[in-house]
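**Q** give me coordinates for this.
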Amino acid sequence: MRIITIIILILLSAFLVRAQHLTPVVIGGAGSDNATEGYHLSWTLGEVVITTHTQPEATLLQGFQQPNYVFTQLIEGPGKDYKILVFPNPTTDNIRIEVTGIKKPLNLEIFDVLGELVIIKELEPSITDINLSNIPSGTYLIRLTGDNGVILGVWRILKIS
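**A** Next up is the predicted model:
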């Protein structure tokens, strides 16, 4: 009898743990989801609950339409006197790197998930497009360093076909 009770408790607890899984749901009056080459747009109209939290460096839009998070910047370099944007993510062929607040050239390195160096390039500060069409689909790490070797940031990029 004791073994049967233990088995029932284990099965019941497994069921209860599974019951705690939440799926993002959109509650809205209208909406759509469209994709073209390299871009994806998803929108809703009339969401019931939306909250915005703003800080000097970031804005968090809280609502129901956020099922897929893509965190790109993994490491942020020292200092707040510059801004580096790497986009789009995910991408099919090209990524754009926008650098403001830095005057000297930067070193770009792109690694695959095994740590092998795939692309190395020197960037001039401003806007640079990097062609990724000759590398296979997968996850890559982009590391930007200054002329003195200081890491300014590391980003995770998803290349899809």
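**Q** Three-state assignment for Ser13, please.
**A** Classification of Ser13 using DSSP: H, G, I helix; E, B strand; the rest coil returns helix.
**Q** any idea how far it is from Asp33?
**A** Taking C-beta to C-beta, to the nearest Å as the measure, Ser13 falls 37 Å from Asp33. Yep, even glycine has a C-beta here, placed from its N, CA and C like the rest.
**Q** again with Met1
**A** Applying C-beta to C-beta to Met1 and Asp33 gives a distance of 54 Å.
**Q** please identify which of the two sits among more neighbours.
**A** Asp33 (11 against 5; other C-beta atoms under 10 Å).
**Q** need the nearest residue in space to Lys121, chain neighbours excluded.
**A** Leu108 (4.6 Å; C-beta to C-beta, 6 or more residues apart in numbering).
**Q** and the helix or strand that the one you found is a member of, what other elements does it pack with?
**A** Under the criterion of DSSP states H and E, Leu108 resides in strand 106-112. Where contact means 3 or more C-beta pairs under 8 Å, 6 or more residues apart in numbering; DSSP states H and E, strand 106-112 is packed against strand 117-123, strand 127-131, strand 138-145.
**Q** at 10 Å instead, please
**A** strand 94-100, strand 117-123, strand 127-131, strand 138-145, strand 151-159 (3 or more C-beta pairs under 10 Å, 6 or more residues apart in numbering; DSSP states H and E).
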